[in-house]
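> After the sequence you'll find the predicted model.
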Amino acid sequence: MPAAPPPIVSATAPTPDPRVGLKAGYWDAAEVAWNLRRVSTTPPHEKNVGIWHSDLAFSGNYVVQGNFNGFQIFDMSNPAKPVIVSTYFCPASQNDVSVYKNLLFMSSESNTSRTDCGFQGVPEPVSKDRVRGVRLFDISDVAKPKLIKSVETCRGSHTHTVVEQPGDTDNVYIYVSGSSGVRPAEELPGCSDGTMEANPDTARFRIEVIKVPLAAPQNAAIVTSPRIFTGLTAAPGRGAGPGAAGAQPPAAVAGGAAGAAGAAGAATPPAGRAGGPGRSGPNQCHDITVYPAAGLAGGACNGLGLLLDIREATHPIRIDFAADPNMSLWHSATFSNDGTKILFSDEWGGGTGARCRDTDNKEFGANAIFTIEKNKMVFKSYYKLPAPQTAQENCVAHNGSMIPIPGREVMVQAWYQGGISVFDWTDPAKPFEIAYHDRGPLDANRLVTGGSWSVYWYNGYMISSEIVRGLDIFELLPSGLITQNELDAAKTVKYTHLNAQGQPKMVWPPSFSLARAFVDQLERSKGLSASRLSDVRAALTSAERASGANRRTALTALASSLNADAAGSSDAAKVRELIGAVGALAK
């Protein structure tokens, strides 16, 4: 892999957009970066070259990268030179991974996935050798993962989500999102197909909840199968087609609250926005993101977006849903840190098509952003990668995570061969891009699937699962859009582990960088005068140089003086955040 090119650093986006017209290539594609730099690229194991790489999970200094052959574990203690410490072969689709303490979980949905992890497949339509569900591994020794058990499900596991129940330290739970056909009962007893009306026991229209006893993970088993889809009608059809002149983004339609576990009686979208009579809604989720700190989950359920109450992990309850004619495959969800906003991505076309061409509507294959008001989702806007890509590049919204910039909603997201995009959606009605990285297409003449499957912020870096090239690591750079103080404050948030679908609440420890980040934001919003900002910065510098009682006295005085500023500031909320940060330093 050639050395990373020098990044462009600026407060305004470069024009013309340098992402347009990049030279194609596998290892020698042209690339461009704005306000971030590529720290490293680590090629896959030789036996995984040409095999698609999928999702990521993190534990300590390790990153686990799933792939359609199994998974790899990297030691990223030195982000410039990650080291592969383990390569485990167990072919399946799509082998998404997550971690919890010494356990690793991996999804399996393929009919060719075997109990012995062999490569010979399973040709028989019914076979005891087939595995579809969630595999559990012990990774106490990361160099020697041990398969503990496979929890079989009727529809396999396309993705899964690790759920922690507050107050329960003995168990962890897994929500299984299976989206393939139902297995025959001859292969897995208890499985049956059909509609709810024809077969109340159908394996469709539900998710599975697996309970994993931490002291005895070999006893993991399905404990509930909540029917969170009951009472939903089909999603609305698409609006105007790609490139249609004058196509406008119709506002999303939210549905009413449902009863326990999605009981009948849920409100349906207005006529013309939902399916016709007799057409049922989605019967599976593609992905579920849980946010235990808010007791909520966002279900990206193919044709609809669901809002779930997960305060009781084994019994999620649907409390709202949203439909949108511009959304096709609701793919994943991300919450704001305060739990008052939610973003859904739309993987229109399944990720293998070109959906970012200049002929594609900007609303298609994008993100839809909602506020959550009294348990109702209220549509605000769309965000889509602003740079058009070629017809040789699969490009659509995919997996990403929040970056702990204090006081802001900043997210990094994968767009397959559209690269990665960092954007701010603090104002849900006006999201905007602040950094990116992109390479040219893999092939100049035909579409070959590749690019970033997922990219997540983890302890100061953004780690991307590159479908064919391996593992990319990036670092954000200070610019007029993100200051050094904001980045320094972000790096004070440390995770012991991370599964992006089990979204953690970001908590910033007291630091001078945190206080200065809020000062920088007040300068950006013009919430305080230039002279007052200068005085506050000087006071913080003086306090930092002091120690003990002298530091506490100086910080207490500064917090007191800022109380007077809050009353007359045009950004009083930000002043109060600054007061809180200064007060925490004084303790």
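Here it is on my side, so go on.
> residues in contact with Ala92?
Phe68, Met106, Ser107, Ser108, Glu109, Ser110, Thr112, Ser113, Val131 (C-beta atoms under 8 Å, 6 or more residues apart in numbering). For glycine as for every other residue, the C-beta is placed from the backbone atoms N, C-alpha and C.
> Confirm that Asp520 lies within a helix, as I assumed.
Yes: judged by DSSP: H, G, I helix; E, B strand; the rest coil, Asp520 forms part of a helix.
> ok, it to Ile405 distance?
Distance, Asp520 to Ile405, using C-beta to C-beta, to the nearest Å: 10 Å.
> sorry, back to before: would you list the buried entries among the contacts of Ala92?
Buried by 16 or more other C-beta atoms under 10 Å: Phe68, Met106, Ser107, Ser108, Glu109, Ser110, Thr112, Ser113, Val131, out of the contacts of Ala92.
> Tabulate these (TSV), appending pLDDT and distance to Val172.
Listed next are the buried ones among the contacts of Ala92 as TSV, based on pLDDT from 0 to 100; distance: C-beta to C-beta, whole Å:
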residue	pLDDT	distance to Val172
Phe68	97	26
Met106	98	15
Ser107	97	16
Ser108	97	19
Glu109	95	21
Ser110	94	25
Thr112	95	29
Ser113	97	23
Val131	97	21
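> Between those, which sits nearest Gly450?
Phe68 (13.6 Å; C-beta to C-beta).
> wait, the closest one sits on Asp55?
No: look at Phe68 against Asp55 with C-beta atoms under 8 Å: they stay out of range, at 11.5 Å.
> Give the residues shared as contacts by these two.
Gln94.
> all helices for this structure, in order.
484-490, 512-525, 530-545, 548-568, 572-586 (DSSP state H).
> Identify whichever of these lies nearest to Lys149.
Closest among the helices of the chain, once you apply C-beta to C-beta, is helix 484-490, at 37.8 Å.
> Can you show me the CA trace of the closest one as CSV?
Provided in CSV are the C-alpha atoms of helix 484-490 (Å, rounded to 0.1, in the frame of the first residue of the first chain):
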residue,chain,number,x,y,z
GLN,A,484,-7.5,20.8,18.8
ASN,A,485,-9.2,21.3,22.1
GLU,A,486,-12.3,19.4,20.9
LEU,A,487,-10.1,16.6,19.7
ASP,A,488,-8.1,16.5,22.9
ALA,A,489,-11.4,16.3,24.9
ALA,A,490,-12.7,13.5,22.6
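> What residues sit buried inside it?
Neighbour counts over helix 484-490 (16+ other C-beta under 10 Å) mark Asn485, Glu486, Leu487, Asp488, Ala489, Ala490 as buried.
> I figured the last one hits Asn459, correct?
Right, the one you point to is Ala490. No: applying C-beta under 8 Å, one finds Ala490 not in contact with Asn459, separated by 9.9 Å.
> And the strands in the stretch 101-250 of the chain?
103-108, 133-138, 146-152, 159-163, 171-177, 208-213, 221-224 (DSSP state E, counting those that start in this stretch).
> Buried deepest among these, which one?
Neighbour counts (mean count of other C-beta atoms under 10 Å) averaged over each of the strands of the stretch 101-250 of the chain peak at strand 103-108, with a mean of 27.
> distance of Ser454 from Ser401?
The value you get for Ser454 to Ser401, if C-beta to C-beta is used, is 8 Å.
> can you check Tyr88 too?
Here Tyr88 is placed at a distance of 24 Å from Ser401 (C-beta to C-beta).
> Looking at these two, which one has more neighbours?
Neighbour count, other C-beta atoms under 10 Å: between Tyr88 and Ser401, Ser401 has more, with 26 against 21.
> The more buried one pairs with what?
Beta bridges link Ser401 to Val412 when assigned by DSSP bridges.
> ok, Phe423 - how many residues close by?
22.
> list the contacts for the closest residue to it other than its chain neighbours?
Spatial nearest neighbour of Phe423, chain neighbours left out: Glu433 (4.8 Å); criterion: C-beta to C-beta, 6 or more residues apart in numbering. Glu433 makes contact with Ala13, Leu385, Pro386, Ser421, Val422, Phe423, according to C-beta under 8 Å, 6+ apart.
> which one of those residues is nearest Ala515?
Of the contacts of Glu433, the one sitting nearest to Ala515 (C-beta to C-beta) turns out to be Val422, at 23.5 Å.
> Walk me through the domains of the chain.
What the record gives for the chain is the domain set 31-498, 512-586, from automatic domain parsing.
> Identify whichever of these lies nearest to Pro7.
domain 31-498 (4.1 Å).
> Could you work out the end-to-end span of the closest one for me?
28 Å (C-alpha to C-alpha, to the nearest Å).
> What number of residues are in the vicinity of Ser542?
14.
> measure it to Glu523 for me?
Relative to Glu523, and taking C-beta to C-beta, Ser542 is found at 19 Å.
> show me what contacts the residue nearest the centre of the chain?
Residue closest to the mean C-alpha point of the chain, counted by C-alpha atoms, centre = their mean, is Gly400 at 3.7 Å. Applying C-beta under 8 Å, 6+ apart to Gly400 gives the contacts Thr334, Ser345, Met411, Val412, Gln413, Ala414, Ile420, Ser454, Val455, Tyr456, Ala500.
> rewinding a little: list the residues that are in contact with both of Ser454 and Ser401.
In contact with both Ser454 and Ser401: Ala500, using C-beta under 8 Å, 6+ apart.
> With adjacent residues omitted, what lies nearest to Ala566?
Ala566 sits nearest to Val575 (C-beta to C-beta, 6+ apart), 4.2 Å away.
> Now for that neighbour, how many residues are close by?
A count of nearby residues for Val575, using other C-beta under 10 Å, gives 24.
> what's the answer for the one 3 residues further on, then?
By the measure other C-beta under 10 Å, the count of residues near Leu578 is 29.
> Show the pLDDT at it.
Confidence at Leu578, expressed as pLDDT, is 98.
> Equivalent analysis for Ala294, please.
Note on Ala294: pLDDT of 96.
> what's the distance between it and Leu307?
For Ala294, the distance to Leu307 - C-beta to C-beta - is 11 Å.
> okay, the two: which has more neighbours?
The neighbour count for Ala294 versus Leu307, taken as other C-beta under 10 Å, is higher for Leu307 (25 against 20).
> Can you tell me the closest non-neighbouring residue to the more buried one?
Distance criterion C-beta to C-beta, 6+ apart; nearest residue to Leu307, sequence neighbours excluded, is Asp320 at 4.2 Å.
> Verify the stated contact: the one you found with Met377.
Yes: counting by C-beta under 8 Å, Asp320 touches Met377, with 5.4 Å between them.
> and the end-to-end length of stretch 456-470?
15 Å.
> so where is the stretch 251-400 of the chain shaky, pLDDT-wise?
Of all residues in the stretch 251-400 of the chain, those with pLDDT under 70 make up the ranges 251-279.
> could you pull out the strands for it?
253-254, 287-291, 296-301, 304-309, 317-323, 330-335, 341-346, 367-373, 376-383, 400-403.
> Need the contact partners of the third one.
In other words, strand 296-301. Counting by C-beta under 8 Å, 6+ apart, residues outside strand 296-301 touching it are 161, 175, 228-229, 282, 284-291, 305-310, 316, 318, 330-335, 339, 342, 344-345, 372.
> Pairing partners for it, with directions?
strand 287-291 (antiparallel), strand 304-309 (antiparallel).
> got those strands as a markdown table, with distance to Thr224 columns?
Converted to a markdown table, those look like this (distance: least, C-beta to C-beta, whole Å):
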| stretch | distance to Thr224 |
| --- | --- |
| strand 287-291 | 14 |
| strand 304-309 | 13 |
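> count of residues packed around Leu214?
Count around Leu214 with other C-beta under 10 Å applied: 15.
> Surely it is in contact with Asp168?
No: applying C-beta under 8 Å, one finds Leu214 not in contact with Asp168, separated by 9.7 Å.
> picking up where we left off before, compile the strands of the stretch 101-250 of the chain into TSV and extend it with columns for distance to Ala391.
Output for the strands of the stretch 101-250 of the chain, formatted as TSV (distance: least, C-beta to C-beta, whole Å):
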stretch	distance to Ala391
strand 103-108	31
strand 133-138	37
strand 146-152	40
strand 159-163	28
strand 171-177	31
strand 208-213	39
strand 221-224	44
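> I'm done for today, thanks for sticking with me.
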